[in-house]
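Visitor: A predicted structure for the sequence below; I have some questions about it.
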Amino acid sequence: MSVLQSARRAAARIEAAHGLNAVVSFDRDILLEQASAVDRGGSAGPVRGLIIGIKDNICTLEHPTTCASRILAGYRSPFEATAVLRLKAAGALVACKTNLDEFAMGSSTEHSAFGRARHPERADLVPGGSSGGSVALTAVGAVDAALGSETGGSVRQPAAFCGVVGLTPTYGRVSRYGLVAFGSSLDQIAVTARTVETAAHVLSVISGRDVEDATSADADPVVTDGMSADVAGLTVGLPTEYFNELDAGVRRACHHAIDCLRNAGAVIREVSLPHTHLALPAYYVIAPAEASSNLARYDGVRYGLRVTPEDGDVHAMYRATRGAGFGPEVRRRIVIGTYVLSAGYYDAYYRKAVAARTLVAKDFQDAFASGIDLLFAPTTPSTAFKAGDKLTNPVAMYRSDVFVCPTNLARLPAISVPIGRTGGLPVGAQFIAPAFEETRMIGAAAWLTSVVDPQQEVS
Ligand code: GLN
């Protein structure tokens with residue numbers, strides 16, 4: 001089949017997925033033009049002809065980049081993200097931009113100026129977030145893979161809810177040039193796909209040093225060709241704290257996967273990560289602090305929306321623009337972030353959070369130094385929740401990230417894979433690797449998905 005033919009089919013699937021509200025901009029002609037260009041020649045390689053969705057906080061030339069915020073309504077970036085550029089150069093097709101929580105702040109894709117995205121299997125549930133659009137669209141097969149972003153788990157958490165793969169690289173492994181900044185010490189471009197292999201191919205193309213990003217690591221792209229999909233002889237650590245508060249069905253699914261690992265010759269060892277309880281509170285100080293600074297640039301002058309009151313000075317214009325342009329969750333983050341950085345509170349909140357982050361990161365280092373090759377843990381404490389359920393309780397919403405945000409604080413790579421179902425809904429579990437050991441975790445994840453049946457209800 002030509003790339004053009006497969007792009008036509010994808011276009012029909014993207015249009016048919018309309019009810020998910022996962023897509024925020026799509027142009028059939030642009031997709032088909034890219035496909036014809038790939039057919040005419042050029043690239044050969046594992047991502048040639050792959051249909052890719054791009055979270056709408058990643059800059060593209062073909063489509064607006066809005067971060068699902070009124071403040072960037074209709075904004076067009078003059079440049080494209082390095083990850084997007086590399087995918088296109090390798091023959092992948094940028095199909096559409098996908099829905100997200102405004103500026104990637106959220107865990108349910110309900111905080112979007114475009115309205116909430118739906119879970120791919122049950123419209124009354126959330127797909128998770130903040131990359132809910134990318135993940136839902138991938139889950140229904142409308143795209144082969146999608147780029148999302150993680151600041152605190154925003155690809156793995158929805159991937160677990162929707163029964164697909166979510167892969168976050170080591171901090172610095174993938175260029176963030178063109179990823180709209182949220183929390184710069186945490187932000188990463190991450191990948192979702194239906195199979196580990198597809199996610200790995202996308203990662204292999206987008207990873208590697210980029211001079212456009214000062215935080216990009218001096219590390220080669222991830223090589224996945226000839227990678228061994230095996231766990232025999234690996235020491236897999238189970239972090240005790242991640243198994244403490246867990247829905248029964250999620251626990252059963254994890255134990256089934258652990259039995260499989262053990263039977264295949266992995267050495268299973270319990271390990272304590274004693275500062276896990278500090279991760280969520282530290283994250284929800286550090287991420288808003290950085291957001292309050294990063295979002296200061298939306299001033300009504302440089303980007304997008306401008307609201308000019310009849311009479312008033314430039315400050316009145318700033319206030320009116322930001323008041324009208326940002327939604328309630330973003331405003332909450334800016335207020336919290338400004339507060340924890342303010343004189344008098346900086347030591348009590350921000351400095352303390354940074355110290356807690358160091359302890360969380362050290363827990364992981366100690367575990368790996370003790371001979372553990374990979375950690376294995378549930379991705380989320382429960383399955384997808386009902387839309388509206390956590391909207392009025394931000395702390396309950398934040399708690400759905402309890403097992404994903406620690407690795408972002410520690411800047412480690414992790415991959416979530418579907419491992420079964422409970423109550424009819426997908427359950428995800430994750431492998432966490434030492435920094436720059438993506439290949440090891442991808443191999444283990446590929447192996448696990450070859451032996452567990454993600455459609456199987458656990459009993
Ligand atoms: N849910 C988290 C938050 O709201 C994580 C967001 C993310 O990873 N982008 O901040």
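Guide: Ah, there it is.
Visitor: And the strands in the stretch 51-200 of the chain?
Guide: 51-55, 93-98, 145-150, 165-168, 188-193 (DSSP state E, counting those that start in this stretch).
Visitor: So what touches the second one?
Guide: Outside strand 93-98, the residues within contact range by C-beta atoms under 8 Å, 6 or more residues apart in numbering are 3, 7, 10-11, 14, 22-26, 31, 34-35, 38, 49-56, 60, 62-66, 84, 87-88, 131, 133-134, 137, 143, 146, 148. Quick note: C-beta positions are derived from backbone N, CA and C, even for glycine.
Visitor: Can you flag which of these belong to helices?
Guide: Among these, the members falling in helices (DSSP state H) are 3, 7, 10-11, 14, 31, 34-35, 38, 84, 87-88, 133-134, 137.
Visitor: Any of those residues buried? List them.
Guide: 3, 7, 10-11, 14, 31, 34-35, 38, 84, 87-88, 133-134, 137 (16 or more other C-beta atoms under 10 Å).
Visitor: and this structure, which residues reach the ligand?
Guide: Residues of the chain lying close to the ligand (C-beta under 6 Å from any ligand atom) are 104-107, 130, 149-154, 182, 287, 401.
Visitor: Of those residues, just say which sits nearest to Pro169.
Guide: Glu150 (9.1 Å; C-beta to C-beta).
Visitor: wait, the closest one sits on Arg156?
Guide: Yes. Using C-beta atoms under 8 Å, Glu150 is in contact with Arg156, at 7.1 Å.
Visitor: The two: which has the busier surroundings?
Guide: Neighbour totals were compared for Glu150 and Arg156, and Arg156 leads with 34 against 29 (other C-beta atoms under 10 Å).
Visitor: Next up, the contacts around the closest residue to Lys390 other than its chain neighbours.
Guide: Closest residue in space to Lys390, ignoring its immediate chain neighbours: Met397 at 4.1 Å, by C-beta to C-beta, 6 or more residues apart in numbering. Met397 makes contact with Gly106, Ser107, Ser108, Lys390, Leu391 under the criterion C-beta under 8 Å, 6+ apart.
Visitor: what about the second one, distance to Pro127?
Guide: Between Ser107 and Pro127 the distance is 10 Å, computed by C-beta to C-beta, to the nearest Å.
Visitor: quick one, which of these two is more surrounded?
Guide: Neighbour count, other C-beta under 10 Å: between Ser107 and Pro127, Pro127 has more, with 33 against 30.
Visitor: what's the closest non-adjacent residue to the more buried one?
Guide: Ala136 (4.2 Å).
Visitor: Pretty sure Tyr339 sits against Tyr345.
Guide: Yes. Using C-beta under 8 Å, Tyr339 is in contact with Tyr345, at 6.0 Å.
Visitor: quick one: which of these two has more around it?
Guide: For the pair Tyr339 and Tyr345, the greater number of neighbours falls to Tyr339 (17 against 13), based on other C-beta under 10 Å.
Visitor: Pull out the buried residues from the host helix or strand of Cys260.
Guide: Cys260 belongs to helix 248-263 when assigned by DSSP states H and E. Buried residues in helix 248-263, defined by neighbour count with 16+ other C-beta under 10 Å: Gly249, Val250, Arg251, Arg252, Ala253, Cys254, His256, Ala257, Ile258, Cys260, Leu261.
Visitor: angle of the helix or strand just after it against helix 248-263?
Guide: Using DSSP H and E, the helix or strand that follows helix 248-263 towards the C-terminus is strand 267-271. With axes from the mean of the first three to the mean of the last three C-alpha atoms, to 10 degrees defining the directions, strand 267-271 sits at 130 degrees from helix 248-263.
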